[in-house]
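Novice: I need the structure of the sequence given here:
(one chain, ligands or ions: 2)
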Amino acid sequence: MPEYQQRIAELLAPTPVEPRALEDCLGLALATDLTASIPLPPFDNSAMDGYAVRSVDLAGADEQNPVVLPVPEDVPAGRVQNPPLQPGTAHRIMTGAQVPPGADAVIPVERTDGGVTEVRAYAQVQPGAHIRRAGEDVASGATVLSAGTSLTPPQLGVAAAVGAERLPVHRPVRVLILSTGSELVAPGTPLEPGQIYESNGLMLASAVRAADADARLLRFVPDDVHAFHAVLSPHLDSTDLIITSGGVSAGAYEVVKDALSGNGVEFTKVAMQPGMPQGCGRYRGGPAVVALPGNPVSAMVSFEVFVRPVLRAAAGHSRTRREVRQATLTEELVAPAGKRQYRRAVFDPATGEVRTQGGTGSHLLTAMAAANCLLEIPEETTTLPEGSTVDVLLVD
Ligand SMILES: Nc1nc2c(c(=O)[nH]1)N[C@H]1C(S)=C(S)[C@@H](COP(=O)(O)OP(=O)(O)OC[C@H]3O[C@@H](n4cnc5c(N)ncnc54)[C@H](O)[C@@H]3O)O[C@H]1N2
Ligand code: MOO
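Specialist: Ligands and ions are numbered 1, 2, ... in the order given. All right, here's what the predicted structure looks like:
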């Protein structure tokens with residue numbers, strides 16, 4: 001299994017780096033460190049709506065003995081020209097407005113009568129009170145985001161706050177998802193006997209998108225080799241990776257295998273359950289191909305262990321793997337010898353316990369939908385008593 005993982009990893013080269021407007025960067029990987037060219041906050045500013053004062057001018061003020069100061073200036077947030085505060089005066093100031101030179105504190109409006117031309121202050125203030133200092137959040141020249149960061153909303157907020165207009169990010173991997181199979185019909189149409197609704201295509205496209213890659217879905221590719229090549233051909237120049245599901249095992253009418261073998265893709269059996277039959281390679285020397293088995297759970301588990309980490313690495317993310325936790329098994333399990341088994345399971349982070357969902361059948365998709373982790377059973381393990389410590393891959 002590790003060798004097969006390595007083969008797939010080698011198929012995808014890092015995507016090019018391109019500058020993108022901040023609003024188009026969510027989830028993408030930053031390609032170089034982002035350094036702040038300004039401090040944050042950029043200037044000393046008020047944390048409160050109130051009055052900028054010299055703290056010494058309010059010494060001894062209280063409810064019974066208010067200090068009355070003239071208010072010659074009003075300082076709304078954004079006022080650019082900001083006259084200095086003269087001793088014995090107060091400037092009415094709003095949250096976020098620049099503290100005038102000469103002021104060393106802000107008294108909140110609630111501690112005053114709220115006067116406009118003169119103000120009665122009912123409390124004294126400590127020097128520095130309610131002033132947010134320049135550089136308190138970020139010093140000028142500091143690295144605010146590191147290369148490889150998968151950009152989150154607050155990180156994009158930081159980038160905007162330091163004045164970045166665009167960011168150098170890795171272009172997302174462009175993935176084409178194909179599903180084949182004469183038994184498949186679109187949800188929304190009536191089912192004839194022998195038919196099932198197509199679900200792998202949508203599931204894999206969603207998994208690709210959730211891994212912050214681009215997905216294009218081609219469902220119901222005809223079960224015919226010529227038609228298969230014809231459907232692919234217009235997409236080849238704009239695709240980094242083709243993912244197929246189904247048609248890789250030992251049966252007749254395996255269009256994926258028939259079309260891709262001899263065109264750069266090799267099919268093999270991997271010592272893993274589910275997900276034994278697999279294929280990978282490069283289609284006619286062009287895009288990478290990963291041919292996943294058709295059983296829905298096999299397709300999904302194979303995507304998790306083979307494809308997702310590679311998609312993340314190619315797109316420059318420094319975190320490519322799911323979090324692995326150690327958990328205590330609440331039941332006894334048996335597993336096949338010589339295969340790495342992945343069981344659908346629910347991990348409870350509060351207790352550290354894990355319990356499997358459903359059986360091992362790779363058609364049992366609802367157990368996968370109910371799971372929040374994959375419980376990994378190593379190749380050499382065939383029995384796990386209740387209370388064993390196991391590794392779980394957190395998949396949501
Ligand atoms: N004689 C053998 N038979 C099978 C073997 C084997 O080694 N020898 N391996 C089994 C294993 S394990 C798996 S996994 C499957 C893989 O089969 P294929 O990749 O060829 O997939 P299909 O036969 O096309 O489909 C399998 C199953 O999945 C359903 N399916 C397929 N595509 C979709 C889709 N897009 N949406 C929903 N469901 C889908 C399909 O109807 C089948 O039920 O082979 C075993 N057999
Ligand atoms: O590999 Mo199949 O995935 O066991 O069902």
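Novice: around ligand 2, which positions in the stretch 1-150 of the chain sit nearby?
Specialist: For the stretch 1-150 of the chain, the contact set with ligand 2 under CB under 6 Å from any ligand atom is empty. Backbone N, C-alpha and C define where each C-beta goes, glycine included.
Novice: the stretch 1-150 of the chain: helices as residue ranges?
Specialist: Assignment of helices within the stretch 1-150 of the chain using DSSP state H, counting those that start in this stretch yields the ranges 2-9.
Novice: point me to the residue of it nearest ligand 2.
Specialist: Using CB to the nearest ligand atom, the single residue of the stretch 1-150 of the chain nearest to ligand 2 is Met1, 12.0 Å away.
Novice: how about that residue, what does it touch?
Specialist: Contact analysis of Met1 by CB atoms under 8 Å, 6 or more residues apart in numbering lists 270-272, 305, 340, 379.
Novice: can you point out the buried residues in stretch 327-344?
Specialist: For stretch 327-344, burial by neighbour count (16 or more other CB atoms under 10 Å) applies to 327, 329-330, 333, 335, 339-344.
Novice: tally of neighbours for the residue of the chain found nearest ligand 1?
Specialist: Using CB to the nearest ligand atom, the single residue of the chain nearest to ligand 1 is Gly294, 2.5 Å away. Counted with other CB atoms under 10 Å, the neighbours of Gly294 add up to 24.
Novice: Leu394 pairs with what?
Specialist: Cys373 (DSSP bridges).
Novice: any idea how far Asp57 is from it?
Specialist: The span separating Leu394 from Asp57 equals 58 Å under the rule CB to CB, to the nearest Å.
Novice: the two: which is more packed in?
Specialist: Neighbour count, other CB under 10 Å: between Leu394 and Asp57, Asp57 has more, with 20 against 14.
Novice: quick one, grab the pLDDT at the closest residue to Arg92 other than its chain neighbours.
Specialist: Counting by CB to CB, 6 or more residues apart in numbering, Arg92 lies nearest to Asp74, which is 4.8 Å off, once chain neighbours are set aside. Looking at Asp74, its pLDDT is 95.
Novice: isn't Asp74 up against His91?
Specialist: Yes. With contact defined as CB atoms under 8 Å, Asp74 reaches His91; the gap is 7.2 Å.
Novice: next, the buried residues of stretch 310-330.
Specialist: Within stretch 310-330, the residues scored as buried using 16+ other CB under 10 Å are 310-317, 320, 322, 327, 329-330.
Novice: for the closest residue to ligand 2 within the stretch 101-250 of the chain, which three-state class applies?
Specialist: Among all residues of the stretch 101-250 of the chain, Ser249 sits closest to ligand 2, at 8.0 Å; criterion: CB to the nearest ligand atom. What DSSP: H, G, I helix; E, B strand; the rest coil gives for Ser249 is coil.
Novice: surely it and Pro277 touch.
Specialist: Yes. With contact defined as CB under 8 Å, Ser249 counts as touching Pro277 (4.5 Å).
Novice: more neighbours: these two, which one.
Specialist: Relative neighbour count places Pro277 above the other of Ser249 and Pro277, with 21 against 16, counting by other CB under 10 Å.
Novice: show me what that one is bridged to.
Specialist: Lys269.
Novice: list the contacts of it.
Specialist: 248-250, 267-270, 293.
Novice: can you do 6 Å?
Specialist: Pro277 makes contact with 248-249, 269, 293, according to CB atoms under 6 Å, 6 or more residues apart in numbering.
Novice: report the buried members of these.
Specialist: Buried members of the contacts of Pro277, counted by 16+ other CB under 10 Å: 248-249, 293.
Novice: now tabulate these in JSON lines and tack on pLDDT.
Specialist: Shown next, in JSON lines, are the buried ones among the contacts of Pro277 (pLDDT from 0 to 100):
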{"residue": "Val248", "pLDDT": "86"}
{"residue": "Ser249", "pLDDT": "81"}
{"residue": "Pro293", "pLDDT": "94"}
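Novice: quickly list the domain ranges of this protein.
Specialist: 1-13+172-315, 17-40+136-170, 45-132, 324-394 (the TED database).
Novice: that older thread, mind listing which of the buried residues of stretch 327-344 are in helices?
Specialist: Of the buried residues of stretch 327-344, none are assigned to helices by DSSP state H.
Novice: return the subset of those lying in strands.
Specialist: Taking DSSP state E, the ones among the buried residues of stretch 327-344 that sit in strands are 327, 329, 333, 340-344.
Novice: now, which of these lie close to ligand 1?
Specialist: Counting by CB under 6 Å from any ligand atom, no member of these reaches ligand 1.
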